[in-house]
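[1] I need the structure of the sequence given here:
(chains A and B)
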Number of protein chains: 2
Amino acid sequence: MNEYLSPLEWRAGRLHLLDQRLLPAVETWLAYDDEAGVAAAIRDMVVRGAPAIGCVAAFGVVLGLRRGRPLDEVVATLRATRPTAVNLFWALERMRRVVLAGADPEAEALAIWQDDIDRCRRIGRAGAALIPDGATVLTHCNAGALATGGYGTALGVVRAARAAGKRVQVLADETRPVLQGARLTAWELQRDGIPVTVITDSMAAHFFAQGAITCAVVGADRIARNGDFANKIGTYGVAVLCHAHGVPFYCAAPLSTVDLGTPDGTGIPIEERAPAEVTHVREIQLCPAGISVRNPAFDVTPARLVAAIITEEGVVRPPFGPALAAAGAAVGAAVGAAAAAAASGDYPPKNA
Amino acid sequence: MNEYLSPLEWRAGRLHLLDQRLLPAVETWLAYDDEAGVAAAIRDMVVRGAPAIGCVAAFGVVLGLRRGRPLDEVVATLRATRPTAVNLFWALERMRRVVLAGADPEAEALAIWQDDIDRCRRIGRAGAALIPDGATVLTHCNAGALATGGYGTALGVVRAARAAGKRVQVLADETRPVLQGARLTAWELQRDGIPVTVITDSMAAHFFAQGAITCAVVGADRIARNGDFANKIGTYGVAVLCHAHGVPFYCAAPLSTVDLGTPDGTGIPIEERAPAEVTHVREIQLCPAGISVRNPAFDVTPARLVAAIITEEGVVRPPFGPALAAAGAAVGAAVGAAAAAAASGDYPPKNA
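    Model (predicted):
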């Protein structure tokens, strides 16, 4: 579908996902034939990254309908997976409307996927202008090809800056607890020959103090109407460090990540995941048995710490509210419906 | 020697160390008969924590002299282990002077150990006054019994606050890459029945934003004359977060940690440790093979972010310079000599 790495493939009517839980040690693709399997893959983080989850959920609808399951049940199964990224609800709503209108679900899922790659490329081109030659870009988690249909949002900006001839290197937070930076960002940048250095999340402050960081670019799982946004836990800390050191902090995301139905960050539900992600790395126990842990998977960065939001429609500067509302029109009324769906509360409650 | 946990024991003329690399899964004590073994134990982090390293190095001198090794060689071997914590140089200088004066090395090492425990208890009592009833104290790394002769500095403050009848719970950063928070702080607090919750380092910012943190208390590996101090990598980030959220940030350390010979934090050498600490957890590979990593083991927190330094002589408030100089007199001229020794540059260069 494109010359870049993608975390999904659609071949012979089956969905194939690169198992991101096993990277970088093992590259295994898993095949899916029904919506329940796709829902489990999203929940268990075989695939992760807000735009990628949206693409995968669309194919989950195709698979569920082909098995004769009712549309509403298929959508409900796929919705009850992860609560924070709004792209999931956006893609499901887009699929639901198209199916109700009698159009071909497979063609629509393929369009959502291709569309996401195209939007990533436009995000990259828009954001590349913000990256100076010789920059060291700090990123957190993985907002790369593996988190999208392909190419990436934050890493798409890096790719586009390099394609424009700029020398750019990446400093990648390892991103505990699931280590998407160490495992995924490092892997896909190494694969593309882009210079990358991995640090623990706790080291970023030290490199800010040393003046080693030109800017930070991260992705987003949900952007509220005022520009507050949720992203992988630890993102807010990076934003505070940028502010304290006078370094620009950028968020790169497609407009399908904007949730105009949520006024500000306080309305974004934060998923709390299993304690074992914190207490163990695979079978190795890090903490004493029986210890109390917390594991919020996301945090909220307030708009006041964001220098710009990089979208496929261009670079949006503060105040974000009016610009996001205008740009949001580009992705249609489904955005509002997606917000309503996300707010309807049928995600399993915390600690369920 | 005391009713509290200590990371060292001196029995029948042998030094025994609790192997902190294996906690919390396994409690194993290793025995040492010579200074080379003790030096390796410090370098490999069988024992860690600035005050504990000082105590252990003192017994290393005892062991080396008993084997007939020249004093200067014994001291040089023990000095060439870790460069940042100044207590190591302080304890070695104290031992050197006592031996040259013809006193009993074993008695002096025992005195350094007992003295450290006593100082921790006084730090605890002084710091307890800063901790409100019902507090949630964020700490980073392990500045507890395991990092000292016993009782702890930052965790000594928590222990003393609880002994004074206050309800106090601890939020413990796991402290990548070596996970002293998840492995050691959690273990020793759980053992004492003190409520503790482990989070990844990247989660602290989220809990600051939620108003869940009353104050932060950390230890120190070296405090410069102006109050800038080095501590475990990630400490500086905690200090920035405290400042951004209006939460007091405290450093708890004995005066043996003060290096009056170093004017400010720029003069503190920062140890860079092996990449494998970042790329692997035991045998599990986190990053792609061949990836570039950085691994500074410490960072420097500027005095302007520190609300108070809690010492055995009381709580020191800014400006720290005059107060530290006066209090430094309490630990004698060895401080200056230790600083000179630390600055002499015979630690193996970075990446050696």
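
[2] isn't A:H16 right next to A:D33, touching?
    No - the pair A:H16 / A:D33 is not scored as a contact, 10.8 Å apart, by CB atoms under 8 Å. In this view, the C-beta of every residue, glycine as well, is placed from N, C-alpha and C.

[3] interface residues of the stretch 51-200 of chain A facing chain B?
    A:140, A:173-177, A:179, A:182-183, A:186-187, A:190, A:195-200 (CB under 8 Å from any CB of the partner chain).

[4] go again using 10 Å as the cut-off
    Selection of the stretch 51-200 of chain A residues close to chain B by CB under 10 Å from any CB of the partner chain yields A:140-141, A:169, A:171-179, A:181-191, A:195-200.

[5] any chance of a ChimeraX selection covering the buried ones in those?
    The buried residues among those can be selected in ChimeraX (16 or more other CB atoms under 10 Å in any protein chain shown) with this line:
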select /A:140,141,169,171,172,173,174,175,176,177,178,179,181,182,183,184,185,186,187,188,189,190,196,197,198,199,200
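
[6] from the residues of the stretch 51-200 of chain A next to chain B, which ones fall inside helices?
    Secondary structure assignment by DSSP state H places A:A186, A:W187, A:E188, A:L189, A:Q190, A:R191 of these in helices.

[7] pLDDT wise, what is the third one at?
    The predicted local confidence for A:E188 comes out at a pLDDT of 98.

[8] tell me the contacts of it?
    Counting by CB atoms under 10 Å, 6 or more residues apart in numbering or on different chains, A:E188 touches A:4-5, A:7, A:23-24, A:142, A:144-147, A:152, A:155, A:159, A:194, A:196, B:288.

[9] narrow the residues of the stretch 51-200 of chain A next to chain B to those in strands?
    Among these, DSSP state E puts A:Q169, A:L171, A:A172, A:D173, A:V196, A:T197, A:V198, A:I199 in strands.

[10] distance of the nearest residue in space to A:G314 that is not next to it in sequence from chain B?
    Counting by CB to CB, 6 or more residues apart in numbering or on different chains, A:G314 lies nearest to A:A126, which is 5.2 Å off, once chain neighbours are set aside. A:A126 is 28 Å from chain B, where distance means CB to the nearest CB, to the nearest Å.

[11] between strand A:168-173 and the helix or strand harbouring A:A126, find me the angle.
    If you go by DSSP states H and E, A:A126 is part of helix A:105-128. Interaxial angle, helix A:105-128 versus strand A:168-173 (axes from the mean of the first three to the mean of the last three CA atoms, to 10 degrees): 110 degrees.

[12] mind checking how far helix A:105-128 is from the chain centre?
    Its chain's average C-alpha position is 13 Å from that of helix A:105-128, according to CA atoms, centre = their mean, to the nearest Å.

[13] cool, and stretch A:130-144?
    16 Å.

[14] for stretch A:87-103, same thing?
    The chain centroid and the centroid of stretch A:87-103 are separated by 20 Å under CA atoms, centre = their mean.

[15] for it, buried residues please.
    Buried residues in stretch A:87-103, defined by neighbour count with 16+ other CB under 10 Å: A:N87, A:L88, A:F89, A:W90, A:A91, A:L92, A:E93, A:R94, A:M95, A:R96, A:V98, A:V99.

[16] measure the third one to A:D115 for me?
    Per CB to CB, to the nearest Å, A:F89 is found 16 Å from A:D115.

[17] could you list the domains of chain A?
    Following automatic domain parsing, chain A resolves into domains at A:8-119+A:330-344, A:125-323.

[18] show me the one of those domains that comes nearest B:P132.
    Shortest distance between B:P132 and those, using CB to CB, is found for domain A:125-323: 21.2 Å.

[19] just the terminal-to-terminal distance for the closest one.
    Start-to-end span of domain A:125-323 (CA to CA, to the nearest Å) is 19 Å.

[20] now stretch A:175-182
    By CA to CA, the extent of stretch A:175-182 from end to end equals 7 Å.

[21] show me how far that stretch is from its chain's centre.
    14 Å.

[22] pLDDT of it, averaged?
    Mean pLDDT, computed over stretch A:175-182, is 98.

[23] over to stretch A:253-272?
    Stretch A:253-272 comes out with an average pLDDT of 95.

[24] mind exporting the C-alpha coordinates of it to CSV?
    Taking Å, rounded to 0.1, in the frame of the first residue of the first chain, the C-alpha atoms of stretch A:253-272 are listed here in CSV:
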residue,chain,number,x,y,z
ALA,A,253,-1.6,14.6,15.1
PRO,A,254,-4.2,14.2,12.4
LEU,A,255,-7.5,16.0,12.8
SER,A,256,-9.2,12.7,13.5
THR,A,257,-7.6,13.0,17.0
VAL,A,258,-9.4,16.3,17.7
ASP,A,259,-12.5,15.8,19.8
LEU,A,260,-14.6,18.9,19.5
GLY,A,261,-17.1,17.4,21.9
THR,A,262,-14.7,17.6,24.8
PRO,A,263,-14.1,21.2,25.9
ASP,A,264,-10.8,20.7,27.8
GLY,A,265,-8.5,18.0,29.1
THR,A,266,-10.4,17.4,32.3
GLY,A,267,-13.0,15.6,30.2
ILE,A,268,-10.7,13.1,28.7
PRO,A,269,-11.0,9.6,30.3
ILE,A,270,-7.6,8.2,31.4
GLU,A,271,-7.2,4.5,31.0
GLU,A,272,-5.6,2.7,34.0
